[in-house]
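*Asks:* with the sequence up front, the predicted model follows.
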Amino acid sequence: MDAIETDRLVLRNFRKRDAPDLFLYLHEPVASCFLSLALEDLSAAEAEVKKRSRSHEYIAVCLKGSDRLIGDVFAMPEGDTFSVGWNFNADAGGKGFASEAAHALFGYLFSVKKARRLYAYVEDHNIASQRLCGRLGMRTEGLFREFVSFKNDEYGDPIFENTMQYAILRKEWEARAGNSMREHSS
C-alpha cells in the first residue's frame, strides 16, 4: 500500500527496523484480544515484522519525522466489509494518535478500497476503544455476552469476555464528512 500521511503520522507497511518498537507494545499486550500476539523476545518481533511486511492487513503507524513505530491499525477484508482495529504502545496513549490513525484508515478503506461497511469488536471493559469508535461515528450494533476467551483462570478454566460490536457504513461516513466540511466552511 502507498503510505498515508496525516498531520502527525505516517501509516505504511511494516519494515524490518520496526521490530524493537513492535516488541515494546506486544511483549505484554494491554488489550486481552491481543494476548495471542504476545512476543517473547526481539527475535519473535523480527519474525512478526517480516510477516506483517508482506501483508496489507496490518499497517504500521509511525510518528512523522522520526518514523518511529508507535502502534498499528488493521483491516481484514471480507468482501466489501472490513474488520478493523488498532493497537498502540501505551506510551503513545492519550495524545489522539489512535484517533488520527483510525480516521485515516477509515478514509482510505472507504475511498480507495471502496468498503461498504467497517466493523470492530471491542471488549466491554475497553472504554478507550469504545470512545474511539464513537469519535469515528461508529454505532453500537450489539453486545455479545461471554463471546470469547483469551485466557484461563488459575484452575485452567476459560475466562469469557463480553464483546461489543461497532460498525459504520460508507454512506454514514460520507454524511459525517459532508457535515464536517459544512461546519468548517461556516
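*Replies:* Ah, there it is.
*Asks:* so what's residue 151 scoring on pLDDT?
*Replies:* At residue 151, the model reports a pLDDT of 74.
*Asks:* again with residue 87
*Replies:* Looking at residue 87, its pLDDT reads 92.
*Asks:* measure it to residue 4 for me?
*Replies:* 17 Å (CB to CB, to the nearest Å). The C-beta positions use only the backbone N, C-alpha and C, and glycine is treated the same way.
*Asks:* who's more crowded, those two?
*Replies:* residue 87 (21 against 18; other CB atoms under 10 Å).
*Asks:* ranking helices and strands of this structure by mean pLDDT, which lands last?
*Replies:* Ranking every helix and strand in the chain by mean pLDDT, DSSP states H and E puts helix 170-185 at the bottom, with a mean of 71.
*Asks:* quick check: longest strand of the chain.
*Replies:* The strand that spans the most residues within the chain, counting by DSSP state E, is strand 139-152.
*Asks:* what's that one packed up against?
*Replies:* Packed against strand 139-152 by the contact rule (3 or more CB pairs under 8 Å, 6 or more residues apart in numbering; DSSP states H and E) you find strand 158-169.
*Asks:* can you spell out which helices and strands pack onto the strand it packs on?
*Replies:* With contacts taken as 3+ CB pairs under 8 Å, 6+ apart, strand 158-169 sits against strand 117-123, helix 127-135, strand 139-152.
*Asks:* of all the ones you listed, which one is nearest residue 43?
*Replies:* strand 139-152 (23.6 Å; CB to CB).
*Asks:* could you check the angle the closest one makes with strand 117-123?
*Replies:* Angle of strand 139-152 versus strand 117-123, following axes from the mean of the first three to the mean of the last three CA atoms, to 10 degrees, is 40 degrees.
*Asks:* determine how far strand 139-152 lies from the middle of the whole chain.
*Replies:* The chain centre lies 17 Å from the centre of strand 139-152; the measure is CA atoms, centre = their mean, to the nearest Å.
*Asks:* next: stretch 129-148.
*Replies:* That offset, for stretch 129-148, works out to 13 Å (CA atoms, centre = their mean).
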